[in-house]
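K.L.:
Have a look at this fold, sequence not included:
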């Protein structure tokens, strides 16, 4: 498997926002007197579509519309995301890929303006040819945005790879017809990621260490 283009997921893959997501959803759960999550139970529950995940952890959308907790979460998350750090090894991995001439992109469900600002704040925008977020929090799907990205930048699907941290990233990759590598250091457990059949690594530095480096040109 040789790769010359990497499409990165952002939340959970490059940005370490797990603790923020757990604390934020717990504020919503506590407000509704529902059981709280720890990191383990969160990683076992979190899924897409997000509405299904909310229902699985106790939200009752016969009592309130999904948009109510969804907006609450987004507002709280947006207020705290600046305090999130990048995963360790992010700069090292991105620099290695750039040095090897690998094209790098970001494909995210985050709102485009927030994605741009957050990546600027972290000082890593220069590694990427382009970043693709959503127009708003309820815009086209990540799959459709990915199709636009591939078309706009003439990405060869056979030589491309999505690197993400959830089974949804695997589904996006399947729909886009490109390879997928999942990193078990984000929003879902390693067991759930391995159940997809995708290649799974425990952390980002595994992408350039332990012989795995050879998949990249």
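P.N.:
Alright, I've got the coordinates. Values in this document were obtained by computation on a predicted structure and should not be read as measured data.

K.L.:
Any idea how many residues pack against residue 98?
P.N.:
14 (other Cβ atoms under 10 Å). For every residue, glycine as well, the C-beta is placed using N, CA and C.

K.L.:
Leaving out sequence neighbours, find the closest residue to it.
P.N.:
In this structure, residue 98 finds its nearest non-sequential neighbour in residue 127, 5.5 Å apart by Cβ to Cβ, 6 or more residues apart in numbering.

K.L.:
Now do the one you found: how many residues are near it, please.
P.N.:
Other residues close to residue 127 by other Cβ under 10 Å number 20.

K.L.:
so what's it up against?
P.N.:
Neighbour list for residue 127: 94, 95, 97, 98, 104 [criterion: Cβ atoms under 8 Å, 6 or more residues apart in numbering].

K.L.:
how close does it sit to residue 172?
P.N.:
Per Cβ to Cβ, to the nearest Å, residue 127 is found 21 Å from residue 172.

K.L.:
nearest residue to residue 39 other than its sequence neighbours?
P.N.:
Counting by Cβ to Cβ, 6+ apart, residue 22 is the residue found nearest to residue 39 once chain neighbours are left out, at 5.9 Å.

K.L.:
How much space separates the residue nearest to residue 98 from residue 99?
P.N.:
Distance from residue 127 to residue 99, by Cβ to Cβ: 10 Å.

K.L.:
Can you name the residues in contact with the helix or strand that contains residue 80?
P.N.:
Here residue 80 sits within helix 67-80, counting by DSSP states H and E. Residues from elsewhere that reach helix 67-80 (Cβ under 8 Å, 6+ apart): 17, 20-21, 23-25, 27-28, 50-51, 54, 59, 114, 137.

K.L.:
quick one, phi psi at residue 16?
P.N.:
Here is the backbone geometry of residue 16 (degrees, to the nearest 10): phi -90, psi 80.

K.L.:
residues contacting it?
P.N.:
If you count contacts by Cβ under 8 Å, 6+ apart, residue 16 has them with 84, 85, 86, 87.

K.L.:
so the residue lying closest to residue 167 once chain neighbours are set aside, which of the three states?
P.N.:
In this structure, residue 167 finds its nearest non-sequential neighbour in residue 196, 5.2 Å apart by Cβ to Cβ, 6+ apart. For residue 196, the assignment made with DSSP: H, G, I helix; E, B strand; the rest coil gives coil.

K.L.:
number of nearby residues for residue 196?
P.N.:
Counted with other Cβ under 10 Å, the neighbours of residue 196 add up to 19.

K.L.:
Surely the residue nearest to residue 39 and residue 37 touch.
P.N.:
Yes. Counting by Cβ atoms under 8 Å, residue 22 does reach residue 37; the two are 5.9 Å apart.

K.L.:
in this structure, which spans are helices?
P.N.:
Along the chain, the segments classed as helices by DSSP state H run 18-31, 39-45, 50-56, 67-80, 90-99, 112-122, 142-152, 167-176, 190-194.

K.L.:
what about these, which gets the closest to residue 184?
P.N.:
helix 190-194 (3.7 Å; Cβ to Cβ).

K.L.:
Could you list every helix and strand that that closest one packs against?
P.N.:
Counting contacts by 3 or more Cβ pairs under 8 Å, 6 or more residues apart in numbering; DSSP states H and E, helix 190-194 is packed against helix 167-176, strand 199-201.
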